[in-house]
Structures are given as structure tokens and as C-alpha cells.
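1. Output the structure for:
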Amino acid sequence: MMTILKNISEKIEDSIVDAIELIDTIASQRGIEYFIVGANARDIFFSALYDLTTRRATLDVDIGININNWEEAAKLVEILLATGEFSLPGKLKFRIKHTNGVLVDVIPFGEVENPKGIIQWPRKGNDDNRI
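-> Numbering: from 1, shown residues only. A predicted model of the protein is given here:
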């Protein structure tokens with residue numbers, strides 16, 4: 001089977017590329033697999049691959065990360081925050097904001113699903129750490 005990869009980064013907003021490149025670097029260093037999901041994934045697919053204009057449904061980028069436990073997810077976010085390129089824009093532990101304004105929702109999956117296919121976001125006391 002032949003695999004053909006197409007570089008579509010020139011067709012994606014620079015701000016999104018900047019945020020994803022940093023996430024890619026950190027996730028790769030930690031051995032965390034991820035992919036873009038949600039409305040932005042749809043927009044990238046149609047506009048970058050097929051030159052079809054889509055109406056933006058959301059302003060954030062959702063990334064699914066395949067992890068073994070909640071600590072791995074929290075550590076990824078912590079490292080991204082430590083770069084100085086991301087901040088927490090509010091109380092949500094897994095929503096980060098790039099310095100260029102791009103919001104990123106980090107959505108863990110994998111071994112944190114319990115039961116399979118269901119994610120129970122962790123809570124501490126009255127604090128809501130979910131997205």
C-alpha cells in the first residue's frame with residue numbers, strides 16, 4: 001500500500017499552525033499520540049484538502065490525546081503552560097490559550113475511559129476541572 005501525505009499547513013490559519021506545532025513538539029517528546037477533532041478538524045479537512053469554504057462553528061481547536069491516566073493529561077498541560085506560550089484562560093483545567101489567541105481544548109481518551117467510550121472528568125471537591 002502506498003501512503004501519500006499532503007502538506008496542508010499553508011492552507012491553515014497561521015495562529016492554529018503555531019499552536020499545533022508546539023503541541024506536536026511537546027506531545028511527541030512525551031510519546032503522546034494526538035489528533036485534531038471537532039469543528040476545526042472538519043474545517044481543515046474541507047478547506048485545506050478540497051478548497052471548500054466552511055463556516056466556522058467554533059473558535060477553538062480540540063485535540064484528542066491518547067493517554068493512560070489523568071496525570072499524563074495534566075502533565076502535558078503543565079508542560080505546555082511552562083513554555084510561556086500557553087495560559088489558562090479560566091477555571092477549566094484542560095482548556096488552554098496560546099499567546100496568539102487560539103483556544104485549545106485538550107480531550108483525553110484511551111485508558112481514562114471508564115467504561116470504554118465514556119470519559120469521567122476528574123473533580124476535586126467543589127472545583128470542576130472538566131472542559
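2. can you pull out the strands in this structure?
-> 33-37, 60-67, 86-87, 95-98, 103-110, 123-124, 127-128 (DSSP state E).
3. Output the ones you listed in TSV, with distance to residue 116, mean pLDDT and mean neighbour count appended to each entry.
-> Yep, even glycine has a C-beta here, placed from its N, CA and C like the rest. TSV is the format used below for those (distance: least, CB to CB, whole Å; pLDDT from 0 to 100; neighbours: other CB atoms under 10 Å):
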stretch	distance to residue 116	mean pLDDT	mean neighbour count
strand 33-37	17	92	15
strand 60-67	13	94	20
strand 86-87	30	97	16
strand 95-98	25	96	20
strand 103-110	10	94	20
strand 123-124	21	71	9
strand 127-128	24	50	12
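4. Now distance to residue 24 too, for these, in CSV please.
-> Compiled in CSV, those are given as follows (distance: least, CB to CB, whole Å):
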stretch, distance to residue 24
strand 33-37, 8
strand 60-67, 10
strand 86-87, 13
strand 95-98, 13
strand 103-110, 12
strand 123-124, 29
strand 127-128, 29
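5. so who does residue 37 touch?
-> By CB atoms under 8 Å, 6 or more residues apart in numbering, the residues touching residue 37 are 62-64, 107.
6. how deep is residue 114 tucked in, by neighbour count?
-> Using other CB atoms under 10 Å, residue 114 has 9 other residues around it.
7. got the phi/psi numbers for it?
-> phi -150, psi 100 (degrees, to the nearest 10).
8. Could you tell me how far it is located from residue 46?
-> Look at residue 114 and residue 46: by CB to CB, to the nearest Å, they are 34 Å apart.
9. Which residue is the nearest non-sequential neighbour of the residue nearest the centre of the chain?
-> Against the mean C-alpha coordinate of the chain, by CA atoms, centre = their mean, the closest residue is residue 63 at 2.4 Å. Once flanking residues are discounted, residue 63 sits nearest to residue 34: 5.0 Å by CB to CB, 6 or more residues apart in numbering.
10. List the buried residues in stretch 77-88.
-> 77, 80, 85-86 (16 or more other CB atoms under 10 Å).
11. of the residues you listed, closest to residue 123?
-> residue 77 (16.4 Å; CB to CB).
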